[in-house]
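Peer 1: dropping the sequence and predicted coords here.
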Amino acid sequence: MNKTIKFGNRIRFVRKKAKLNQKEFCELLDIPQSTLSAYETDRMQPTLAALVSISEKCGVSMDWLCGTNSVNNDTSSYIDTSEVCDNIIRYRKQNKISQTEFAKALGKSLRTVQKYEKGEIDLTITALCQIADVLHTSAAELLGLETPEMLLRLMKKYIWFC
């Protein structure tokens, strides 16, 4: 079995391949240097919005960045964060789960769930995986991906995110 390369190693690789120091890379991504440092050392997970931004600005696929694919195929253009919020609401309602029940199942506050559904909080990949589990769907479905094979495998197995 192949050893999974962690996100921190991949983002560091992308930065070094671009021949940028941390400060320059942070300017490109419009993030604080402390955030990049935390990403590179796997002390912090990127939000979904940050993952999409890194993918788009660095020209790498989310699958590759997340470690589910050794080939860099760009899939970030298929992700619409407002669609993710709509999908969460749709699947919650299909499963006949109230926001209160949903919050309890996630171990979150009702206000946090409301913010998820309004897009007021960027979802981490871990949160997206938990939501997908509670809603009996895949994270790829919540993301609205047309070809979710690699990302779906990532989400189902919680590779490197938890």
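Peer 2: That came through fine.

Peer 1: where along the chain do the helices fall?
Peer 2: Secondary structure of the chain by DSSP state H: the helices cover 7-17, 22-29, 33-40, 48-58, 62-66, 81-94, 99-106, 110-118, 125-134, 139-143, 149-157.

Peer 1: can you list contacts of stretch 32-42?
Peer 2: 6-8, 11-12, 15, 22-23, 25-26, 29, 44, 46, 160 (Cβ atoms under 8 Å, 6 or more residues apart in numbering). Where you see a C-beta, it was placed from the backbone N, CA and C, and this is true even at glycine.

Peer 1: recalculate using a threshold of 10 Å.
Peer 2: For stretch 32-42, contacts defined as Cβ atoms under 10 Å, 6 or more residues apart in numbering pick out 6-13, 15, 21-23, 25-27, 29, 31, 43-46, 50, 54, 160.

Peer 1: buried ones among those residues?
Peer 2: Buried members of these, counted by 16 or more other Cβ atoms under 10 Å: 6-8, 10-12, 15, 25-26, 29, 31, 44-46, 50, 54, 160.
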